[in-house]
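Novice: need coordinates for the following:
(2 chains)
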Amino acid sequence: MGFTEVYKHILSYFGIGFLGVGILLSIVLIIPAFYWLFTALAHNKGALVFRRILVMLAVMYISFSYSRSPSFYEIAGWWKTVFLAGFVLAFIVHFLRMDIARIDRRRDRALAWISAVWFGLLIFSEALLVSWATYQVWVLYFFMGSAGILCGSITGRTFVQTARRKINETAQAVAGQ
Amino acid sequence: MRLSSARGAARNCHEAKGSRKMMDISLISKIRKVILWVIVSVTAFFGVIAVISLVISSGVLKQPMQYQKVVPQIRLNPGERKIVEFESFCLDNSRGGPRSTDAYSLMSTPAIKLRPYLREIFDEYLSHPSRWKQSDVQQAVWYTEGRKKWDSLSPEQRSMIETATGKEDPVSGHPVVFLNRMTSAFGVVVKTNLLFIFIVFVIVVLTLPSPLAVMERGLLWMVGSRLLRKLSESRWGQVIHTLNEHPYLNRLRLHTDVLFTRLVFRVFSRRR
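Specialist: Presented below is the predicted three-dimensional model:
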């Protein structure tokens, strides 16, 4: 073996070790991370807009970077359309339910459950990838659709809550006059 | 008398403000030390491996690649078109077939250097092109990925690999191939999961009112409550707490809420 081959040979043992540590860490910490995401989305008080915008950006970033990985060549370019369709649909549904939606709950479980679906599909897709199932285009499209629905719901829900709060404030001010 | 005492008070106030804004310079030397140690450690790590590799591989000459001898160089003048026919091989068995709309470009690939035995297989084929069938060479190329089992190959394909590498089932147990195989499957998963964990952690720290309590509840299933309490009382816990209640962050949260409320209000104002 030449110098480069031996060098790669030795380095690869360290690489296997690092990858092993990464796999263990990702398996162990993914559960508390999901609990944190669930709590962050369910929490209905405090800096709501700031939190939800950050969560939405995070969901978008993770979903896009996952779908763009070279392993999912077969997904082609339609995933953006699926994401956008899910986003618009979820936003419209929340917008149309504006007058009947309950915004004063302590916990917003609807958003948290949608995030659970998104997370479940991500884990399912990862399990398929690890088990060498090469063709999983339908799972990826469902995953991107759920990501779109989650982001659309986050935006729609926050939009509705803000609008309702503002309307209530205006109504109270008018009644006070 | 009153004027001088007022001036003194103003100066004291100014000094107090100045002392509050003063920077801790000791932090710079700490950062410098950490950077230096990281550089020294990384250099030592890779250097020791390089020395070991040099000792093991001493006296072995690098096998020359035959590719340049067989395939002529393609040179194009501006505006010139040439049709060149050549054989090509797929390097990654798991990828989908190329579509007609995909753009192609001729370029060197790092796979030749990174994947063990690939160079030997191409060398053998280019040295004796009439001896081996292209389909057998393709199977041999895919075999170097580490996903094909030796038993699943035909006798011709095995013979091709044995002639090229001088070994029977050379990929089996090879750490580089094993790492490549594991990285192609687990790499995306580990990257996505660790990224997800890190981003959610940052979100909890920056946006929730009591981040340490939420983190503790999430970690309680695998870590004892005493250890969690120690962690939250440690320096890291204090850093998280300080960051969470930083006035700049509070201002940012408030401004985001206000901006979004204004946007929503503007949308409804237009509708009317």
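Novice: so where's chain A uncertain?
Specialist: Counting by pLDDT under 70, chain A has low-confidence residues at A:1-2, A:74-76, A:103, A:134-135, A:177.
Novice: let's see 80
Specialist: Low-confidence segments of chain A, defined by pLDDT under 80: A:1-10, A:12-13, A:45-46, A:70-77, A:99-108, A:132-135, A:166-177.
Novice: and the residue nearest the centre of it?
Specialist: Centrality entry for chain A: nearest residue to the mean C-alpha point is A:V59, 3.2 Å, by C-alpha atoms, centre = their mean.
Novice: tally up the residues packed near residue 45, please.
Specialist: The chain I'm using is chain A. For A:K45, the count of nearby residues is 10 (other C-beta atoms under 10 Å in any protein chain shown). (Each C-beta comes from the backbone N, C-alpha and C, glycine too.)
Novice: that was the other one, I meant chain B.
Specialist: Neighbours of B:F45 (other C-beta under 10 Å): 12.
Novice: is it correct that it falls within a strand?
Specialist: No - applying DSSP: H, G, I helix; E, B strand; the rest coil, one finds B:F45 to be helix, outside a strand.
Novice: so what's it up against?
Specialist: By C-beta atoms under 8 Å, 6 or more residues apart in numbering or on different chains, no residues touch B:F45.
Novice: can you pull the pLDDT of it?
Specialist: pLDDT, B:F45: 89.
Novice: what about stretch A:38-55 and chain B, any contact?
Specialist: Yes - part of stretch A:38-55 sits near chain B under the criterion C-beta under 8 Å from any C-beta of the partner chain, namely A:39-40, A:43, A:45-51, A:53-55.
Novice: one step back: if I look at the residue nearest to the centre of chain A, how far off is B:V40?
Specialist: Per C-beta to C-beta, to the nearest Å, A:V59 is found 40 Å from B:V40.
Novice: with B:V188 instead?
Specialist: On the measure of C-beta to C-beta, B:V188 and B:V40 end up 33 Å apart.
Novice: and the two? which has more neighbours close in?
Specialist: Set side by side, B:V188 and B:V40 show more neighbours around B:V188, with 20 against 10, by other C-beta under 10 Å.
Novice: element containing that one, please.
Specialist: For B:V188, the host element (DSSP states H and E) is helix B:175-207.
Novice: by contact count, what packs against that helix?
Specialist: Under the contact definition 3 or more C-beta pairs under 8 Å, 6 or more residues apart in numbering or on different chains; DSSP states H and E, helix B:175-207 sits against helix A:3-42, helix A:48-67, helix A:109-130, helix B:211-219, helix B:235-244.
Novice: who wins for proximity to A:I100 among these?
Specialist: helix A:109-130 (13.2 Å; C-beta to C-beta).
Novice: right, is that closest one up against chain B?
Specialist: Yes - Helix A:109-130 lies within reach of chain B by C-beta under 8 Å from any C-beta, at A:L122, A:E126, A:L129, A:V130.
Novice: which of the residues you listed sits closest to A:V174?
Specialist: The closest of the residues of helix A:109-130 next to chain B, once distances to A:V174 are taken by C-beta to C-beta, is A:L122, at 46.9 Å.
Novice: would you confirm that that closest one contacts A:Y66?
Specialist: Yes - using C-beta atoms under 8 Å, A:L122 makes contact with A:Y66 at a distance of 7.0 Å.
Novice: quickly list what's touching both of the two.
Specialist: A:F143, B:T192.
Novice: about what we covered before: emit the PyMOL select command for whichever of the residues of stretch A:38-55 next to chain B are buried.
Specialist: Per 16 or more other C-beta atoms under 10 Å in any protein chain shown, the buried members of the residues of stretch A:38-55 next to chain B correspond to this PyMOL selection:
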select buried, chain A and resi 39+40+43+47+48+49+50+51+53+54+55
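Novice: TSV for the residues of stretch A:38-55 next to chain B, including distance to B:E245?
Specialist: Converted to TSV, the residues of stretch A:38-55 next to chain B look like this (distance: C-beta to C-beta, whole Å):
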residue	distance to B:E245
A:T39	19
A:A40	17
A:H43	17
A:K45	16
A:G46	12
A:A47	12
A:L48	18
A:V49	19
A:F50	14
A:R51	15
A:I53	20
A:L54	17
A:V55	20
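Novice: what's the local residue count around B:A111?
Specialist: Neighbour count for B:A111, taken as other C-beta under 10 Å: 15.
Novice: then B:V267?
Specialist: Neighbours of B:V267 using other C-beta under 10 Å come to 11.
Novice: just A:I62 next, same as before
Specialist: 20.
Novice: how about the one 3 residues further on?
Specialist: A:S65 has 13 neighbouring residues, counting by other C-beta under 10 Å.
Novice: separation between it and A:V59?
Specialist: A:S65 is 11 Å from A:V59, by C-beta to C-beta.
Novice: shaky segments in the stretch 101-250 of chain B?
Specialist: B:101-114, B:147, B:173, B:180-181, B:184-185, B:223.
Novice: so which bits of it are right by chain A?
Specialist: B:113-114, B:116, B:147, B:175-176, B:178-179, B:182-190, B:192-197, B:199-201, B:203-204, B:206-209, B:214-215, B:217-219, B:221-222.
Novice: many thanks, we can stop here.
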